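A.B. asks: sequence first, then the predicted structure:
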Amino acid sequence: MKKLIKSIYPALIVVLLYVVVTVLRSVGILNGYYIQVMMFAGINIMMTASLNLVNGFTGQFCIGHAGFMSLGAYGAAVITTMVFDGKNIPVVAQVPVFLLGLLVGGCVAALVGVLIGMPSLKLKGDYLAIVTLAFGEIVRAILRLIQPIGGARGMIGIPNYSNFAWILFFMALTLYLLRNLIYSPYGRAFIAIRDNEIAADAMGINTTRYKITSFCIAAFIAGVAGGLYAHVLAFIQPDSFSFTKSSDFLVYLYAGGSGSLTGSILGATLLTILPEVLRFLADWRLAVYAAILVIVMLYRSEGLCGGKEVPFMRISRASLYETPLFGSKKDKEPAGVSKS
């Protein structure tokens with residue numbers, strides 16, 4: 001019973017959060033503005049966690065993550081707006097169309113992630129960063145030239161299908177899947193590549209294959225997050241996904257703590273809310289925001305979480321084996337055998 005409760009209480013936390021927000025909104029404590037900020041925080045958590053898979057757990061350095069977000073946003077918007085005319089379809093068909101749009105957006109981003117990753121992931125460090133930066137700018141430039149989707153002026157008329165419940169669901173699902181992936185054999189391979197790629201290759205790990213896999217998964221999640229983002233704003237334009245957007249996700253990642261899903265949650269949530277809290281400072285708010293980031297990096301260079309996880313974001317190593325891999329000598333002795 002205790003094990004069952006332990007396995008389901010992360011889901012209970014998500015349900016409780018949804019109930020609390022719903023109640024607070026119904027009594028007028030939370031208005032539409034606060035809900036929208038929370039939805040943006042949820043999308044930023046998805047983007048930061050997906051970037052963490054590449055930068056934090058696989059040890060690569062991608063700085064063009066907003067490019068995948070833009071592909072997902074436009075891919076989903078094309079399905080819901082241009083293919084199905086989402087604002088005029090029956091209510092019962094809206095959810096299937098919305099989910100189809102998110103799936104298409106994620107798949108488009110993942111496919112492009114594979115095409116970009118196959119040649120570029122042979123590079124390392126600064127060279128990989130330059131290639132991913134160029135990728136993000138190329139995607140933005142191409143989107144500005146495609147007139148059927150609005151070109152430089154952007155795409156309008158996107159139905160508002162995203163709401164707090166959908167974003168909370170996809171955020172929780174993303175964190176759950178990444179948590180289990182990281183503690184799977186694939187995740188162990190990602191971390192081995194991060195720690196020492198040469199040693200991982202010598203141990204028989206196909207480093208190129210695993211790097212492309214992590215890149216593809218991260219791109220898919222970013223594409224889904226982009227689809228949610230497009231259906232919150234109901235308007236997207238290429239310049240919304242510039243290098244500045246990618247740098248925001250890098251800030252969320254490293255301020256929260258690279259290599260920690262808890263850090264992705266904390267960094268994205270705090271740094272999404274902080275600029276809104278500082279609005280009373282008017283023109284000075286961005287300067288104060290930057291100063292806070294400088295202080296965090298000076299005195300907490302490993303991030304707010306320092307690579308650590310809260311208990312429900314961890315999987316005990318012992319639970320992966322019938323016998324703990326590093327169990328005590330007493331645990332490994334056959335039944336009935338005692339020390340003399």
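C.D. replies: That came through fine.
A.B. asks: who touches stretch 29-40?
C.D. replies: Residues outside stretch 29-40 that contact it (C-beta atoms under 8 Å, 6 or more residues apart in numbering): 21, 24-25, 162-164, 167, 229, 232, 272-273, 276. In this view, the C-beta of every residue, glycine as well, is placed from N, C-alpha and C.
A.B. asks: do that again at 6 Å, thanks
C.D. replies: Residues from elsewhere that reach stretch 29-40 (C-beta atoms under 6 Å, 6 or more residues apart in numbering): 24, 164, 167, 232, 272, 276.
A.B. asks: I'd guessed the fourth one sits against residue 163; true?
C.D. replies: No. Counting by C-beta atoms under 6 Å, no contact exists between residue 232 and residue 163, whose distance comes to 8.3 Å.
A.B. asks: more crowded one of those two?
C.D. replies: Taking other C-beta atoms under 10 Å, residue 232 and residue 163 do not tie; residue 232 has more neighbours (21 against 14).
A.B. asks: can I assume that one sits in a helix?
C.D. replies: Yes. Under the criterion used here (DSSP: H, G, I helix; E, B strand; the rest coil), residue 232 sits inside a helix.
A.B. asks: where's the closest residue to residue 199 other than its chain neighbours relative to residue 121, distance?
C.D. replies: Leaving aside its sequence neighbours, residue 199 sits nearest to residue 192 (C-beta to C-beta, 6 or more residues apart in numbering; 7.4 Å). Separation of residue 192 from residue 121 (C-beta to C-beta, to the nearest Å) stands at 16 Å.
A.B. asks: what do you get for residue 294?
C.D. replies: Relative to residue 121, and taking C-beta to C-beta, residue 294 is found at 32 Å.
A.B. asks: neighbours of residue 16, how many?
C.D. replies: Count around residue 16 with other C-beta under 10 Å applied: 11.
A.B. asks: just the element for it, please.
C.D. replies: helix 2-26 (DSSP states H and E).
A.B. asks: ok now that helix, how far from the chain's centre?
C.D. replies: Helix 2-26 has its average C-alpha position 21 Å from the chain's average C-alpha position, going by C-alpha atoms, centre = their mean, to the nearest Å.
A.B. asks: what comes up buried for the host helix or strand of residue 297?
C.D. replies: Using DSSP H and E, residue 297 sits in helix 285-299. Within helix 285-299, the residues scored as buried using 16 or more other C-beta atoms under 10 Å are 285, 289, 296.
A.B. asks: next: stretch 103-111.
C.D. replies: Those would be 103-111, for stretch 103-111 by 16+ other C-beta under 10 Å.
A.B. asks: what's the answer for stretch 259-278, then?
C.D. replies: Applying 16+ other C-beta under 10 Å to stretch 259-278 flags 259-272, 278 as buried.
A.B. asks: how about the helices in the stretch 201-340 of the chain?
C.D. replies: Shown for the stretch 201-340 of the chain, the helices assigned by DSSP state H, counting those that start in this stretch span residues 207-233, 243-256, 261-277, 285-299, 329-332.
A.B. asks: compute the inter-axis angle for the fourth one and helix 243-256.
C.D. replies: Going back to what we said before, that points to helix 285-299. 40 degrees (axes from the mean of the first three to the mean of the last three C-alpha atoms, to 10 degrees).
A.B. asks: quick one: helix 285-299 to helix 261-277, angle?
C.D. replies: Using the same axes, to 10 degrees: helix 285-299 against helix 261-277 is 150 degrees.
A.B. asks: likewise for the first one?
C.D. replies: Taking the same axes, to 10 degrees, one finds helix 207-233 and helix 261-277 inclined to each other by 30 degrees.
A.B. asks: elements contacting helix 207-233?
C.D. replies: helix 32-52, helix 65-77, helix 91-120, helix 185-195, helix 197-202 (3 or more C-beta pairs under 6 Å, 6 or more residues apart in numbering; DSSP states H and E).
A.B. asks: could you rerun that using 8 Å?
C.D. replies: With contacts taken as 3 or more C-beta pairs under 8 Å, 6 or more residues apart in numbering; DSSP states H and E, helix 207-233 sits against helix 32-52, helix 65-77, helix 91-120, helix 164-182, helix 185-195, helix 197-202.
A.B. asks: repeat for the fourth one
C.D. replies: With contacts defined as 3+ C-beta pairs under 8 Å, 6+ apart, the secondary structure elements packing on helix 285-299 are helix 243-256, helix 261-277.
A.B. asks: reformat those as JSON lines; add mean pLDDT and distance to residue 65.
C.D. replies: Shown next, in JSON lines, are the helices and strands packed on helix 285-299 (pLDDT from 0 to 100; distance: least, C-beta to C-beta, whole Å):
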{"stretch": "helix 243-256", "mean pLDDT": "90", "distance to residue 65": "5"}
{"stretch": "helix 261-277", "mean pLDDT": "91", "distance to residue 65": "12"}
